[in-house]
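Participant: Sequence plus predicted model, see below.
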Amino acid sequence: MGTLAHNIGIFITAGICAATLPGCIYEEMKPCGPAEVLLEPDWALSPGASPDGMAYCFYPSDGGAPWRFDFSGREGGRITLPEGTYGLIAFNDDTSGVLFSGLDSYSDAEVYSREVTLMHSPGQPQPPSSSGHLDPDIMWTASCTPIEVTAGCVVRCEPHQLTPRINVEIQGIKNMNSAKTYGAMLSGLSESVTLSNSRTEGSTTMPFIVNPQGSDKLAGSFYCFGISSDRQMLSLFVVMSDGNRIRYTYDVHEQIESAPDSMNIDIIVPGPSLPDTGESDNDTFDVEVDGWHTIHIYY
């Protein structure tokens, strides 16, 4: 796919600041035409990344509207834009589960996801929050400033993973055949990321899918925008075959804090002993189900 260059005031984009990394490098090369430069992404920080396409957005230092260039896959190419000083934000453009704000400004641009209503029943204990956000897509991004763009130069950036992956296992569950449906959510996650400096904002809860793995384990994985300053609580929701609805909660803050890889976090907790009500067929799980009346808390 060829490049698409256009000067726009507001556009869909995402990125993350890496001020301490050599995220963008300006180098002289043989002249390649007036205001034509070579854009070369370096994937050393995310060698396994596989985006369908990448967008590269150049913000003029004078505050003008940004220029955007799109390429298929991981490769860059030659671009043409006015000479000058810019800030650069790069991101994979194959996302659909993310939302953006402040996109006309390099310093104000941020990324977040759609808000949802979490499980709650009047008069019953509430989940960590009555609202939360859906999990985002995996994202690879890069950003840096300033970049001096002149005709016949090379601009390099180093995309890296923006959205951490959370992997959850609930092991040793007894009487799983008595359950009809399952659902889970994790609180204490960042609500958004400011793209130019990787600053996380707010605290939210994200629901996610857990599926049976054998006869005594549930597992699920999802992406998020990072970890907030709040404690992280994992909630497991189980609808029994007799209609009983049970919520089990786990304090998983220490597991997350001590994870050796902050971009790939494993959470493993012991499963509950469910009431023995007999076998039933599994069904889908609704994030807005109410009527939860029993809570077991594990610390």
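Facilitator: That came through fine. Numbers count the residues shown, from 1 in each chain.
Participant: okay, now residue 114: neighbour count?
Facilitator: Neighbour count for residue 114, taken as other CB atoms under 10 Å: 12. From N, CA and C alone the C-beta is placed, and that goes for glycine too.
Participant: my bad, residue 216
Facilitator: Using other CB under 10 Å, residue 216 has 14 other residues around it.
Participant: my guess is residue 275 meets residue 244, correct?
Facilitator: Yes: contact status for residue 275 versus residue 244: in contact at 6.7 Å, counting by CB atoms under 8 Å.
Participant: show me where pLDDT drops low in the stretch 1-150 of the chain?
Facilitator: 1-34, 119-130 (pLDDT under 70).
Participant: from what I can see residue 272 touches residue 174, true?
Facilitator: Yes: counting by CB under 8 Å, residue 174 is a contact partner of residue 272 at 7.4 Å.
Participant: Between these two, which contacts overlap?
Facilitator: Common contacts of residue 272 and residue 174 (CB atoms under 8 Å, 6 or more residues apart in numbering): none found.
Participant: Determine which member of those two has the greater number of neighbouring residues.
Facilitator: The neighbour count for residue 272 versus residue 174, taken as other CB under 10 Å, is higher for residue 272 (18 against 13).
Participant: and the nearest residue to that one once chain neighbours are set aside, how many neighbours does it have?
Facilitator: Excluding its sequence neighbours, the residue lying closest to residue 272 (CB to CB, 6 or more residues apart in numbering) is residue 248, at 5.1 Å. The burial count assigned to residue 248 is 22, neighbours taken as other CB under 10 Å.
Participant: what comes up buried for stretch 100-120?
Facilitator: 100, 103, 106, 109, 110, 111, 112, 113, 116, 118, 119, 120 (16 or more other CB atoms under 10 Å).
Participant: Just the C-alphas of it, formatted as CSV.
Facilitator: Coordinates of each C-alpha in stretch 100-120 appear next as CSV, following Å, rounded to 0.1, in the frame of the first residue of the first chain:
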residue,chain,number,x,y,z
PHE,A,100,-9.3,9.3,21.5
SER,A,101,-9.5,12.9,22.7
GLY,A,102,-7.3,16.0,22.3
LEU,A,103,-6.1,14.7,19.0
ASP,A,104,-5.3,18.1,17.5
SER,A,105,-2.5,18.7,20.0
TYR,A,106,0.7,16.6,20.5
SER,A,107,0.7,17.2,24.3
ASP,A,108,-3.1,16.7,24.8
ALA,A,109,-3.8,13.6,22.8
GLU,A,110,-4.9,10.6,24.9
VAL,A,111,-6.5,7.2,24.3
TYR,A,112,-9.2,5.4,26.3
SER,A,113,-12.0,2.9,25.7
ARG,A,114,-15.8,2.8,25.8
GLU,A,115,-17.6,3.1,29.2
VAL,A,116,-20.0,0.3,30.3
THR,A,117,-22.3,-0.3,33.2
LEU,A,118,-21.1,-3.0,35.6
MET,A,119,-23.1,-5.5,37.5
HIS,A,120,-25.1,-4.0,40.4
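Participant: what's the next secondary structure element after the helix or strand where the residue nearest to residue 272 lies?
Facilitator: Following DSSP states H and E, one finds residue 248 within strand 245-251. Sequence order places helix 253-257 as the next helix or strand after strand 245-251, per DSSP H and E.
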